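Asks: 3D model of this:
(4 chains)
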There are 2 protein chains.
Amino acid sequence: MPNSKISSEHGLADAIAACRLKGAQITPLREAVLEALWFAERPLGAYELRDHLSEIADRKLSAPSVYRTLDFLCGQGVAVRIESRNAYIACKRPHCDHACILFVCNACGLSSEIENKKLERLLAADAAALGFSIDHRVLELSGSCADCRG
Amino acid sequence: MPNSKISSEHGLADAIAACRLKGAQITPLREAVLEALWFAERPLGAYELRDHLSEIADRKLSAPSVYRTLDFLCGQGVAVRIESRNAYIACKRPHCDHACILFVCNACGLSSEIENKKLERLLAADAAALGFSIDHRVLELSGSCADCRG
DNA sequence: CCATTGAATGCAACAATATTGCAATCGAGG
DNA sequence: CCTCGATTGCAATATTGTTGCATTCAATGG
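Replies: Now for the predicted structure:
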């Protein structure tokens, strides 16, 4: 059984490297925000993130900085906004095309992104039937994860 | 071709009647809010709704009143909150179990709720595979509707 | 008819989330 | 070193949503 911390850290480094390869600037702020999300065990709100980072950096981070950084990370595909919670998670799936479904546990915050190609095809078919062209998708299911159903 | 206004009005009356049958109290405020949503041609935010109703009633409606009324209507299944927009629409599908997908046009606001049983089954299967028990679902697709793709 | 009661509403204050506009800073490339 | 664009800081403000408590209203039982 691998050490989950180390494997996660490798994942984080990989995610950052992937952003750089795409030509994106990874600044200390961006890296710090992504790291905070990466190791959080639940979705974090923008202001929660701000408070957390402010402690670490020992200075007060501004709300716009946090939001801009989150927008950047979401744009890079390494973070995901959970619309139904006004919160953010790191996307740990490097090759994710973000055509995925997000399960979020109400009790512990565990968030699992799942791909399902069949479901994609059904959505695409429904959209086609309506003549609808999809820009953005929000598929969020909340409830209780296996561990918290007790 | 039926007159769409009249058929919509009938739908509204039916929706209200259905709520009453379930034992819910339909007050003038609740009716007014549902009517505003029903005839709006796009999703309305809570404060938008407040302003609209304030004009009609010629008195200032409070934010808590609007939110409470929206909560009530959503609880009754006759209104739906669009998480990705902080906005609300009337649900015109009387027998909807709200296991549906919502398509929202970014240009005109047209919102279509679509049922898809196959998709339901896939979601249920994914949840089962994770041992996840689903409380709430948010399936919102935004983009351009057939009319606005030009 | 009146009193009681619970639901619904009004309302002030506040909390949480998000954005705007502009100034200051930083860093890569000339 | 200088310039330029991207990034960040920051104050102010906008938008969205909630809390707590007082008031009103309508149904119910005496």
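
Asks: how near is the closest residue to A:Q76 other than its chain neighbours to DNA strand D?
Replies: Nearest residue to A:Q76 in three dimensions, chain neighbours excluded: A:C19, at 5.0 Å (C-beta to C-beta, 6 or more residues apart in numbering or on different chains). To be clear about C-beta, it is placed using only N, CA and C from the backbone, and glycine gets the same treatment. According to C-beta to the nearest atom of the strand, to the nearest Å, A:C19 and DNA strand D sit 10 Å apart.

Asks: Provide a list of residues in contact with A:C19.
Replies: The contact partners of A:C19, by C-beta atoms under 8 Å, 6 or more residues apart in numbering or on different chains, come to A:I26, A:Q76, A:V78.

Asks: next: A:A90.
Replies: By C-beta under 8 Å, 6+ apart, the neighbours of A:A90 are A:L12, A:A15, A:L34, A:L37, A:W38, A:A40, A:V78, A:A79, A:V80.

Asks: of those residues, which is the nearest to chain B?
Replies: Chain B lies nearest to A:V80 out of the contacts of A:A90, by C-beta to the nearest C-beta, at 12.8 Å.

Asks: how much space between A:R59 and A:A36?
Replies: 15 Å (C-beta to C-beta, to the nearest Å).

Asks: more neighbours: those two, which one.
Replies: Remark: of A:R59 and A:A36, A:A36 carries more neighbours, 18 against 8, as counted by other C-beta atoms under 10 Å in any protein chain shown.

Asks: what's the helix or strand for the more buried one?
Replies: Here A:A36, judged by DSSP states H and E, is contained in helix A:28-39.

Asks: so is that helix next to DNA strand D?
Replies: Yes. Helix A:28-39 comes into contact with DNA strand D (C-beta under 7 Å from any atom of the strand), by way of A:P28, A:L29, A:R30.

Asks: chain neighbours aside, what residue packs nearest to the last one?
Replies: Across the structure, with C-beta to C-beta, 6+ apart as the measure, the residue nearest A:R30 apart from its sequence neighbours is A:T69 (5.5 Å).

Asks: tell me how many other residues surround the one you found.
Replies: So A:T69, with other C-beta under 10 Å, has 23 neighbours.

Asks: again, but for A:L21
Replies: 8.

Asks: residues in chain A within reach of DNA strand C, list them.
Replies: Checking chain A against DNA strand C by C-beta under 7 Å from any atom of the strand, the hits are A:G45, A:A46, A:Y47, A:E48, A:A63, A:P64, A:Y67, A:N86.

Asks: parallel or antiparallel, list what pairs with the strand ranked longest in chain A.
Replies: In chain A, taking DSSP state E as the definition, the longest strand is strand A:133-144. Next to strand A:133-144 in the sheet, as set by DSSP bridges, lie strand A:100-105 (parallel), strand B:133-144 (antiparallel).

Asks: deepest of the ones you listed, which one?
Replies: strand A:100-105 (a mean of 22; mean count of other C-beta atoms under 10 Å in any protein chain shown).

Asks: got the CA coordinates for the helix or strand following that one in PDB?
Replies: Counting by DSSP H and E, the next helix or strand C-terminal to strand A:100-105 is strand A:111-115. Output of strand A:111-115 as PDB, limited to C-alpha atoms (Å, rounded to 0.1, in the frame of the first residue of the first chain):
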ATOM      1  CA  SER A 111     -15.500  14.300  -3.400                       C
ATOM      2  CA  SER A 112     -15.100  11.800  -6.100                       C
ATOM      3  CA  GLU A 113     -15.000  12.600  -9.800                       C
ATOM      4  CA  ILE A 114     -16.300   9.800 -12.000                       C
ATOM      5  CA  GLU A 115     -16.200   9.500 -15.700                       C
END
